[in-house]
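With the input below, show me the fold.
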Amino acid sequence: MLLSTLYFISGVLVLLVLRWYRQRRLVPLPGPPPTSYVTGHFKNMFGLNGFEFQENVLKAYGPTVRMTGVMGEQFILSFDPALIHTVLIKERSKFERNKGGALMVRSLFGGGLAGLRGEEHRQQRKLLNPVFTGQHLQEYVAKQTCNAIDKSLSTGVIDIIPWTTAAALELIGEAGLGYSFSSFNGEKNEYSTAIKSVGQLLSKLVPFIPIYPYFVRLPVTRKALSYVRIPLLRQVLKATSLQNEQAEKILRTRQDMLTKGTDLESVTGRGKDILTQLMKANQEGMDRDAMVGHMNILIFAGHETTSSMIARILDILSNNLEIQEKLRGEVLECGEDNVLDLSYLDAVVKEALRLYPPASYLGRMCEEDTVVPLSYPISTASGVITSLPIKKGTRLALSIIFSNRDEKVWGKRAGEFWPERWLESEQLGDPGIQSIYSPILTFGAGNYACIGFKFAVMEIKIMIAQLLRSFKFEPSGEDYAWETGTIFQLASPVSRDSIASHFDSSEICEVETYPLFDPTAPTNIVNTTFNPSITPATPQLRSGLSSMETSCTSLDAELTVVAPQICGMVPTTPDLTLQVSTANNLEDDEDYDDDPEGVRNLLCLAPTLHKNVRDNSLPFVLQCYSGWAIARVFDPLKLVDAMRDQVIQYFSSEDTRIRTILIANVMNKFSKSLTIDGIERSILDKLALTVRRNGIHFMATLPSDPALDRENAMRILDSMLEIFSLRTVTQSMATCFQSLDDAAPIFRRACIEPLGQPIDLSSILLNPNLNLRHFVTTDIVTTVTTGLPTYFQYKVSFSLELCEQMYRMQDKVGLQWLHGFPDQFIMLIAWINSLRETPGASEDTKLIEWIEKAIQQIRFATSRPSDPLLRIGRVVVQECWRCAALCKANACDPRVVYAQKGFMRLVRGVVQARTPDAFLFTPIVVAGFATIEESDRNVIRQRILGVRECAEPGTVGNNFMLMLEDVWTRTRDEGRVAVWSDSRLATFRVTGR
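Numbering: from 1, shown residues only. Okay, here's the model as predicted:
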């Protein structure tokens, strides 16, 4: 036991040395002196007077200050708009979620999104996105809440918090885990109790946050920690063990249902809950501990935050009876199915979320030395600075609440509850931060934005509406206070004297004051006699309420539960007659999330701080391009930076600005409905005609300077392929062939090889110019799917060394992000295609065996090793294409049959969804030609026509389906199986080519 304690103390000492070293690297900034070395400013920033302390610090030192955390570690606290936008959006790769905070979450809860960083977080987030739906559940639980409250109206004062907590807990349990906590019958649930215990202990665990995760990661150190004579640590270990045991019990119950084939439509959650989705993913290799972690985090962060927010809104309404009556009138006038469309309810909820966000901060750590711009200059010892150098390892706390209350953005009424600001567009603030929920930072921004924000907002609206239908809320007259908390838990009522005694203004040094708020505006600490009362009919009843403002667990951790989709409206420009609104409605499927990775946040430009900017054309264009990228690019994150810079460049030139706006209108229409109508089709045709004329004019001009000529050719090719990309999903295959015909001579002129010589394919695929790579990739893939010859003869030199080089350069020159097809496959297909023309190659068994072995050794640059699309692509290239194209086998060849069956097994194993189905054209068409059984053909029909644009007659996707139907019908009528040449004939019969 003594050895364990010494081991623990040694770890603390090592940490202190590391903290001291890191502190020396922090950029000098103004800030208050720490009140304690152990806890720093932690106790001052949180608790009854946390908000007041922070407000005074920021008024005294400015929007960006130096603060002190646990064990003397310094960090940057800021609500500067430019800094926040840079950290969360523009240069988010340089600022990761704090590693220590993520480890703390994982050590306490076993995992969950809040405990993941980087690519691991991205993978899990995409899996979890479809979970947060279920309006029917919310309405049901809201009515349960009202019934429970109604039964309790035997006393004069009712504490509303237990009921809002029960409702939130039941809802997150049913929709998230397919599990009922029986919250309304008054019985305690071991699982929820254990998770609450962990949360309550966490606030006391603050001094150990930097070291606790490292002691519990390994069984030996975890066991040693249990012998340390610190009761708090033992309590935490016991609580975490209990919560994990309960989570495992729920998992086993659901696993038994799945094993026995229980109809999940008949159980809680109807099989659409997150637990079921996670268990399906577990079949693909998800760690069981990760499943437990997701469950624990969902319950911990998903119900206390929402219930506190509902209680806070009831608090506001009870003290603003005029607003309450106006809102009740709106609710009573509409049906229950239209609650989510109520404008004043939406305004009230947004305003409450702006003023009182469930989390106070977003924590980040700088991953590399960098410099960030500032909206508000900082006065330092060396002078005034307008940009801030930040060293690697520096921690940042981005203030949500003060960003949402910035007086320079929101005006003199920034600290006032004023729902009307959301109904008058000219009154809205513009912080210049592309968040996921309106122009406020409440649910975060970027790749770590709250994954459950739509679910939470829906829950709040439905609960508030249902409660207002049934009850009237008034203050109870009891003293209470809202705390700025360290965890998601409720505080007890306190007296005014205790509130005043917690804060000593002498701790703040007097320097130049930054005007945050109107001095007369109400602050976050509520010192009135409140507690909303509930009145069912005419009798007046009162209810007691106490709660707290919730925040991140620490500056290292963000425990906000998690979910993404941009739902704001992009401002329109009146003088653009072709421009339409950009409400995001990519697909009507309630489980579909069109922007799970926050692409819009990254692509869209941060607007100016002036909210009455007249020309919003550029933000509109960027929003349209982001919608296009989300709908049509396999991995849009790879494209974001280049696309944004190029759009801004084109927009700045009068020669290309109008063209860019017209393209944006086409993209906007497609991203909303996945098809275009007559107006956009006319725009696209005229744009195509214009670039065709430009190409003809260019080809008619003799080159003077070869280097300059190639540069001009690449510029024209860029315009042509942009139009071609739009046509591939909106117009026919024949039309796309015409675009490629126009682009081919331009591409050739951009190549360095003399006319008449083959084009070196490897040099093109490794060329930094995107459009050269795009053309050859399109040329080769077109050959695979249509049987048409390539436009040019390519020099193909395939080797494993070349594949390895492409693997290493994937992030710089690869095109897998565009179509989902690895570049090594493109090279391999081109090589096999060239071998078909080599006499004797198809009979060379040694060559075929070498190809078979080589394919197994190729490394593919993918961040998702279990990616269904990549796995399907492997099967197609390795078996279907190799056997059918090189070996000249027909669809009955055993090798082709084996490959086709494997292909269909993979397709059936992937849930039908836009991704990967929208990117399956190449492999599914290749395999489709070799498909014989009608059941398999029906699956292919379903997957192709299930993609919205493919179901539209006269589009490339629909033409592909017609080609497959032609091959299937023709081979059936002729009593034979398909051969590879059938694809060429099908192309001719469908397109006339």
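
distance of D705 from E711?
As judged by CB to CB, to the nearest Å, D705 and E711 stand 9 Å apart. Glycine gets a C-beta too; all of them are placed from N, C-alpha and C.

cool, and G477?
Counting by CB to CB, the gap from G477 to E711 is 77 Å.

now do D718
Per CB to CB, D718 is found 11 Å from E711.

more crowded one of these two?
Using other CB atoms under 10 Å as the criterion, D718 and E711 rank with D718 on top: 17 against 12.

lowest-pLDDT helix or strand in the protein?
Using mean pLDDT, DSSP states H and E, helix 496-501 stands out as the lowest-scoring helix or strand of the chain, at a mean of 31.

mind checking pLDDT for D504?
The model reports D504 with a pLDDT of 37.

Just to check, K392 is in contact with E96?
No: in terms of CB atoms under 8 Å, K392 does not count as a neighbour of E96; the distance is 10.9 Å.

Overlap of the contact sets of these two?
Here K392 and E96 share the contacting residues E367, scored by CB atoms under 8 Å, 6 or more residues apart in numbering.

show me the contacts for P703.
Per CB under 8 Å, 6+ apart, neighbours of P703: 709, 749.

Can you identify the strand in the chain that spans the most residues?
Longest strand of the chain, by residue count under DSSP state E: strand 370-380.

And the next helix or strand past it?
strand 383-390 (DSSP states H and E).

In contact with the nearest residue to L342 once chain neighbours are set aside, which residues?
Leaving aside its chain neighbours, L342 sits nearest to E330 (5.4 Å; criterion: CB to CB, 6 or more residues apart in numbering). Each residue near E330 by CB under 8 Å, 6+ apart is listed here: 342-345.

per-residue confidence averaged over the helix or strand E330 falls within?
If you go by DSSP H and E, E330 is part of helix 321-333. Helix 321-333 carries an average pLDDT of 92.

Pull out the buried residues from it.
Of all the residues in helix 321-333, those buried under the rule 16 or more other CB atoms under 10 Å are 323-324, 327-328, 330-331.

nearest to L275, of those?
Looking at those and their distance to L275, the nearest is V331, at 33.0 Å (CB to CB).

The closest one and F471 touch, don't they?
No: using CB under 8 Å, V331 makes no contact with F471, being 11.8 Å away.

which intervals of the stretch 1-150 of the chain have sub-threshold pLDDT?
Within the stretch 1-150 of the chain, the set of residues satisfying pLDDT under 70 comprises 1-27, 37, 47-48, 111-113, 123-124, 126-150.

can you give me the strands in it?
Applying DSSP state E, counting those that start in this stretch to the stretch 1-150 of the chain gives strands spanning 64-68, 74-78, 95-96.

out of those strands, nearest to E837?
E837 lies closest to strand 95-96 among those, at 50.4 Å (CB to CB).

what mean pLDDT would you report for stretch 985-993?
Rounded mean pLDDT across stretch 985-993 is 92.

What residues sit buried inside it?
Applying 16+ other CB under 10 Å to stretch 985-993 flags 986-987, 990-991 as buried.

ok, so of the residues you listed, who is nearest L169?
The nearest one, if we look at these relative to L169 and count by CB to CB, is V990, at 56.5 Å.

Surely that closest one touches L962?
Yes: the criterion here is CB under 8 Å, and V990 meets it with L962 at 4.9 Å.

quick one: the strands in this structure?
So, for the chain - with DSSP E - the strands run 64-68, 74-78, 95-96, 361-366, 370-380, 383-390, 395-399, 478-479, 529-530, 759-760, 794-795.

Buried deepest among those, which one?
By mean neighbour count, with neighbours taken as mean count of other CB atoms under 10 Å, strand 74-78 ranks first of those at a mean of 26.

Partner strands of it and their direction?
Applying DSSP bridges to the sheet, strand 74-78 is found paired with strand 64-68 (antiparallel), strand 395-399 (parallel).

For the ones you listed, give me JSON lines that also has distance to V897.
Converted to JSON lines, those look like this (distance: least, CB to CB, whole Å):
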{"stretch": "strand 64-68", "distance to V897": "66"}
{"stretch": "strand 395-399", "distance to V897": "57"}
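
what's the closest of these to N447?
Among those, strand 395-399 sits nearest to N447 (CB to CB), with 14.3 Å.

Would you mind listing the buried residues in stretch 650-667?
Residues 650-651, 659-667 are the ones in stretch 650-667 that count as buried (16+ other CB under 10 Å).

Among these, which pair sits farthest apart?
F651 and V666 (15.9 Å).

For G954, grab the count of nearby residues.
13.

hang on, isn't it packed against A734?
No: with contact defined as CB under 8 Å, G954 does not reach A734; the gap is 9.6 Å.

looking at it, L687 is touching I663, isn't it?
Yes: the pair L687 / I663 is scored as a contact, 6.7 Å apart, by CB under 8 Å.

So for these two, which residues contact both of them?
Shared contacts of L687 and I663 (CB under 8 Å, 6+ apart): I723.

how much space between the residue lying closest to L964 once chain neighbours are set aside and Q900?
The shortest distance from L964 to any non-neighbouring residue, by CB to CB, 6+ apart, is to G928 (4.6 Å). Per CB to CB, G928 is found 9 Å from Q900.

M809 now?
M809 is 33 Å from Q900, by CB to CB.

Compare those two and say which is more crowded by neighbours.
Applying other CB under 10 Å to M809 and Q900 shows that Q900 carries more neighbours, namely 27 against 15.

Where does pLDDT dip in the stretch 851-993 of the chain?
Residue ranges of the stretch 851-993 of the chain with pLDDT under 70: 860-889, 910-911.
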